[in-house]
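S.K.: predicted coordinates and the sequence they were generated for:
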Amino acid sequence: MKTGRGRGGRRMKIGLVSTAVGLGGAERYLVELARWLAEAGSPPVLIVAEEIAAALVADLGDARVPVVAAPIGWDWGPEDDTGGEAYRAKLDRQREGLGRALQGLSAGPDVLLLNANWPTHYLGALQAAMASGLPYGVHFHLCPHRIHLNPDARAGHAETLGRAAFLSCVSRNNRFFLEQTFGTLLEFRVILNGSRFEIDDDERARLAVAARQDVMLLVGRLDHQKGILDMLPALAQPDALAGMALHVLGDGPLRGILASAAERAAVPVVLQGRVEDVRDRLASARAMLLPSHFEGLSLSILEAMSLGCIPVVSRASSAAELIEDGRTGFLFDVADWRSMLAAVRRLAACDEAGVRANCLQAATSLTRRSMLDSMHQQLRAVA
């Protein structure tokens, strides 16, 4: 790991900013990045929405990384699409909140990284970063499709993103839609997402031949984005999962609907709630199901592949960047349960040992370590 020295040779301090009001994969990535930077000698400080500060502190554990809670969280509302006074009030609150947080630091950072998901939700923070005079960059985990930006957001992004020291995102598909949304004059560097699980050669060989349970896992938040409602008709078909049981690891607003469907399903469906450590589950299951409408670069797919759990996933967003259909997994059409059933049948008819070995091999270079190191190098280059 390279030491955290900027171009002038001194220790670099980095501010990591998240405006999210929920704790998901993108926010936990910040925790891992903070740990990485601290170990590399680039002292980080996390500046996050008040709603997730306590949870991030708990995730950091004994890592000595300061966390600053600020009123910068963003709840979606109709004004995000339409603009006007209500939207500008949100911008003012977020801009002033981050500005005060930066001023309150006894030793300010040398560079800021804003962790971004949904366009418009972090614009006030971007404006505060620009006003601070610090070099800043934005790392996008998600840009699902060409998104309408209200006039306030469009003008604000044109100014703030145009003055950023760098812009990065997690996949080629992500970059395409970001350029469609924000303009092809902006350059987005791709820093591929990576699995949190480090698998050595010995474990990879063991995973390739280990006995597997007749279980298909669905891992993630139970909401519309993940395509939960799309798969419900399939569960009424007796041969839907080719003899496997579906184990659902996650929680969310559609849990009740899925629970009701599970009671009537023609196949075994077990809702296990949120599971913090999915490694053992993925290492022992035959396959993973992901019927998403859109993703950034799915951590679930990466981690399933790295543990030899064969992914059966929709063609949403960047899935085809990770999966070669029929060789390292199986793809089906978005929002099409019949296409999903056909993909499961292809899984049942394939040489599973061969596909599993291909998954394990393909995942060797897609590690979280490589992602964190790439981000650290990018930050060092502009500090």
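M.R.: Thanks, I have the structure now.
S.K.: can you give me the buried ones in stretch 66-79?
M.R.: 67-70, 72-74, 79 (16 or more other Cβ atoms under 10 Å). All C-beta spots, glycine's among them, are computed from the backbone N, C-alpha and C.
S.K.: no, scratch that, I was asking about stretch 107-120
M.R.: Under 16+ other Cβ under 10 Å, the buried positions of stretch 107-120 are 109-120.
S.K.: so which of those residues comes closest to residue 12?
M.R.: Nearest to residue 12 among these is residue 110, at 5.1 Å by Cβ to Cβ.
S.K.: ok, the closest one - contacts?
M.R.: Each residue near residue 110 by Cβ atoms under 8 Å, 6 or more residues apart in numbering is listed here: 6, 12-14, 134-135, 383.
S.K.: select only the buried ones of the residues you listed in ChimeraX?
M.R.: Selecting only the buried entries of these in ChimeraX, with 16+ other Cβ under 10 Å as the criterion:
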select :6,12,13,14,134,135,383
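S.K.: how about the contacts of residue 110 in TSV, adding pLDDT and secondary structure?
M.R.: Rendered in TSV, the data for the contacts of residue 110 read as follows (pLDDT from 0 to 100; DSSP: H, G, I helix; E, B strand; the rest coil):
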residue	pLDDT	secondary structure
6	48	coil
12	81	coil
13	93	coil
14	96	strand
134	96	coil
135	96	coil
383	80	coil
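S.K.: thinking again about what came up before, ok, of the buried residues of stretch 107-120, which one's closest to residue 205?
M.R.: Closest approach between these and residue 205, by Cβ to Cβ: residue 115, at 36.1 Å.
S.K.: just give the closest residue to that closest one, not the sequence neighbours.
M.R.: residue 18 (4.6 Å; Cβ to Cβ, 6 or more residues apart in numbering).
S.K.: any idea how far the one you found lies from residue 136?
M.R.: Applying Cβ to Cβ, to the nearest Å, one obtains 14 Å for the distance of residue 18 from residue 136.
S.K.: which of the two has more residues huddled nearby?
M.R.: Neighbour count, other Cβ atoms under 10 Å: between residue 18 and residue 136, residue 18 has more, with 27 against 24.
S.K.: thought the more buried one was touching residue 51?
M.R.: No. Counting by Cβ atoms under 8 Å, residue 18 stays clear of residue 51, with 10.3 Å between them.
S.K.: next step: the buried residues of stretch 107-120 restricted to strands.
M.R.: Using DSSP state E, the members of the buried residues of stretch 107-120 that fall in strands are 111-116.
S.K.: ok so, going back, residue contacts, the residue nearest to residue 115?
M.R.: Counting by Cβ under 8 Å, 6+ apart, residue 18 has contacts 26-27, 30, 46-49, 52, 114-115.
S.K.: now intersect those with the strands, please.
M.R.: Counting by DSSP E, the contacts of residue 18 place 46-49, 114-115 in strands.
S.K.: let me know the next secondary structure element after the worst-scoring helix or strand of the chain on mean pLDDT.
M.R.: Least confident helix or strand, the chain: helix 172-182 with a mean of 86, by mean pLDDT, DSSP states H and E. Using DSSP states H and E, the helix or strand that follows helix 172-182 in sequence is strand 189-190.
S.K.: contacts for that next one?
M.R.: For strand 189-190, the external contacting residues (Cβ under 8 Å, 6+ apart) are 166-172, 174-175, 378.
S.K.: buried among those residues? Need that as a selection in PyMOL.
M.R.: This is the PyMOL syntax for the buried subset of those, where burial follows 16+ other Cβ under 10 Å:
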select buried, resi 166+167+168+169+170+171+174+175+378
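S.K.: show me which of the contacts of strand 189-190 is closest to residue 127.
M.R.: Distance to residue 127, by Cβ to Cβ, is smallest for residue 167 among the contacts of strand 189-190, at 15.9 Å.
S.K.: avg pLDDT for the top helix by length along the chain?
M.R.: The residue-count maximum for a helix in the chain (DSSP state H) belongs to helix 85-103. For helix 85-103, mean pLDDT is 96.
S.K.: what helices and strands are in contact with it?
M.R.: Other helices and strands packing on helix 85-103, by 3 or more Cβ pairs under 8 Å, 6 or more residues apart in numbering; DSSP states H and E, are strand 44-49, strand 67-70, helix 79-82, helix 123-132, helix 151-162.
S.K.: out of those, which is the most enclosed?
M.R.: Of all the helices and strands packed on helix 85-103, strand 44-49 carries the top mean neighbour count, a mean of 26, counting by mean count of other Cβ atoms under 10 Å.
S.K.: adjacent strands (with direction) for it?
M.R.: strand 14-18 (parallel), strand 67-70 (parallel) (DSSP bridges).
S.K.: with just CA atoms, put that strand into CSV.
M.R.: Extracted C-alpha coordinates of strand 44-49, given in CSV (Å, rounded to 0.1, in the frame of the first residue of the first chain):
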residue,chain,number,x,y,z
PRO,A,44,-9.6,10.8,6.9
VAL,A,45,-12.6,12.5,8.5
LEU,A,46,-16.1,11.3,7.7
ILE,A,47,-18.7,14.1,7.4
VAL,A,48,-22.1,12.5,7.1
ALA,A,49,-25.8,13.1,7.5
